Every structure is written in structure tokens, then in C-alpha cells.
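This is the structure alone, sequence omitted:
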């Protein structure tokens, strides 16, 4: 039985994005929030990115200006390796059934992360497309953003350009250097065409990986934390090294192994894996 109605499915394919309430269970939400709160508390004892992910880079990324009194934990890489509840969301939630309605029954995990904008922090996300960070043999790839807080106009919601997933793949290089953001010359136009993706805690924004998106800083006194997973049709094979490698990368989340690779034609520049804890530092070089 489909989890999404026909209007939602048509909207996703037309606009490249839908936000759906009750994508996870209350128990899953409570478990993920408790885990993140504990990591924020742990971060108070650190002054620079710390921990270790599979490739040796730091797992916990701290925003410049982070202090014990005003923590700025902005990224946890591959939380599925640290807390089982995150993996449970990716194998046993309404969100997975929704994805099957959108890109087919066989689903595979590429990577997962937590991104947070805590009150008083200044991190923004500049315009980009996820597909040009993580290209696959075909573009049946969805970035799933699960809201661990209410997402409002004030706390830095996702901004998207509807229909841009059907357009070109933009370069993430400026002046010959990989910056993880598209050229400044396009920004003013994108800002005028953007719409906000807001919603209640427990909702999920399901976004096509080619969709242009960005977000501003959190101007509210409440956090905006997202559990983000990039999930692909199982016959979409990654073409470049995973920027957030983990033991769960490539895990079949639903359906069966297709035993084939499906490819479509496109051209794009090679991405670069961030040398530090996250892509936030790459984007900061364009400021």
C-alpha cells in the first residue's frame, strides 16, 4: 500500500522536493534527540573537531566560536555507527516506505549525518546540489532530512528552487578551486526563486539530489537539527569515493539486490572530499 498519495508523488517529480509529516515514530524521534543532546554535552569538553570516522577525519565538527557555555556542534558524521536508533530509522520507518513510492522498492544507503544549527551559531549552507558531491550512475538519489526540531522561518530552514533538479549540474569550483558552492553570479537569481521547506518535528523533507538548495543561519533561540541520509535506488552505483565513509555505506535498506547497474548520461566535474571534518569549511573559503 503506498505511503504517499498521487499528488505528493507528482509534486516530488515536478518540484524535486516534498515535506511529509510523521515520517518517523515518536520512539525513534526521542532516541535520536537524546543521542544528539548527549553529544552536544560531550562537545563542551572540546575546543576543536574531534573523534574519528572511518577515514580518520574528525567525526564531530565544531563551529568556529564553539565554547563550553555556547556549544557549536554542527555535524556528526555517520551517527548510525554510534547509536542504533539512527539505523532503525533507515530500515524501519514510514520514511523508507515513502522513498519506495518515489524511486522504487530497492533502496541503498550512501551516507548519513546530523547537521545542527544551535542557537547563536552562524553556519550557513551556500547554494549547491548534492549530486555533484556524490554522483551516482543514475540520479534516482534522494537526500532525506528528518526534522529533530520544529523547522521555522527563523531557524535556518532549507531553501530550494523548485524544478531545478531537471536543469543543469552546476560547477562547485570557483576560480579553479573546489569550494563546494556554485558561482556567485547565480546566487541573486536563485534567492528570488527559492521557497522554504518548513515543518513540524518528526517530519521529513525528501529532496532530489540534483535540486539546488541552501540555508541561512539560525536567528532563533531554538535549535534546528536534522538527521540527513542520502539514499539511492539500489541500481544506482556511486561514482566517486564516499565523503562520509562508514561500515553502513552501501547497505541495502529495503527490497532486494538488483544484480545490475543502471546508468544515465550526464557530465560534471570531479568533487573533492573535504580535508577536515565537513564541507562547511570548504564553503567558508568563498566568503
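Sure, I can see it. The structure displayed is predicted, hence computed values, not measured ones. Numbering: from 1, shown residues only.

Can you show me the strands along this structure?
17-20, 60-62, 73-77, 107-117, 125-128, 141-147, 158-160, 173-174, 177-178, 195-197, 204-208, 213-215, 224-233, 252-254 (DSSP state E).

any chance of those in a markdown table, with mean pLDDT and mean neighbour count too?
Using the backbone N, CA and C atoms, a C-beta is placed for each residue, glycine as well. Formatted as a markdown table, the strands of the chain follow (pLDDT from 0 to 100; neighbours: other C-beta atoms under 10 Å):
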| stretch | mean pLDDT | mean neighbour count |
| --- | --- | --- |
| strand 17-20 | 98 | 22 |
| strand 60-62 | 96 | 25 |
| strand 73-77 | 96 | 26 |
| strand 107-117 | 97 | 24 |
| strand 125-128 | 94 | 21 |
| strand 141-147 | 98 | 25 |
| strand 158-160 | 97 | 23 |
| strand 173-174 | 86 | 17 |
| strand 177-178 | 86 | 14 |
| strand 195-197 | 97 | 16 |
| strand 204-208 | 98 | 26 |
| strand 213-215 | 96 | 23 |
| strand 224-233 | 98 | 25 |
| strand 252-254 | 98 | 17 |
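
wait, which of the ones you listed is closest to residue 242?
Nearest to residue 242 among those is strand 107-117; the distance by C-beta to C-beta comes to 5.8 Å.

The closest one - which strands sit beside it in the sheet, and in what orientation?
Take DSSP bridges as the rule and strand 107-117 pairs in its sheet with strand 73-77 (antiparallel), strand 224-233 (antiparallel), strand 252-254 (antiparallel).

Show me how far that strand is from its chain's centre.
In terms of C-alpha atoms, centre = their mean, to the nearest Å, the centre of strand 107-117 is found 5 Å from the chain centre.

With distance to residue 270 as added columns, please give the strands of the chain in a markdown table.
Listed next are these as a markdown table, based on distance: least, C-beta to C-beta, whole Å:
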| stretch | distance to residue 270 |
| --- | --- |
| strand 17-20 | 26 |
| strand 60-62 | 23 |
| strand 73-77 | 21 |
| strand 107-117 | 17 |
| strand 125-128 | 15 |
| strand 141-147 | 17 |
| strand 158-160 | 25 |
| strand 173-174 | 10 |
| strand 177-178 | 9 |
| strand 195-197 | 29 |
| strand 204-208 | 21 |
| strand 213-215 | 21 |
| strand 224-233 | 18 |
| strand 252-254 | 27 |
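
do you know which of those lies nearest residue 262?
strand 224-233 (7.4 Å).

Could you check the angle the closest one makes with strand 204-208?
50 degrees (axes from the mean of the first three to the mean of the last three C-alpha atoms, to 10 degrees).

May I have the residues that are in contact with the closest residue to residue 144 other than its chain neighbours?
Using C-beta to C-beta, 6 or more residues apart in numbering and skipping residues adjacent in sequence, the residue nearest residue 144 is residue 229, 4.8 Å away. Residue 229 makes contact with 89, 90, 109, 110, 111, 112, 113, 143, 144, 146, according to C-beta atoms under 8 Å, 6 or more residues apart in numbering.

Please report how far residue 229 lies from residue 95.
The gap separating residue 229 from residue 95 is 9 Å, by C-beta to C-beta, to the nearest Å.

Which neighbours do these two have in common?
89, 144, 146.

From residue 147, how far out is the residue nearest to the last one when sequence neighbours are not counted?
Take residue 146 and drop its neighbours on the chain: the residue closest to it by C-beta to C-beta, 6+ apart is residue 227, 4.2 Å away. Residue 227 sits 9 Å away from residue 147, going by C-beta to C-beta.
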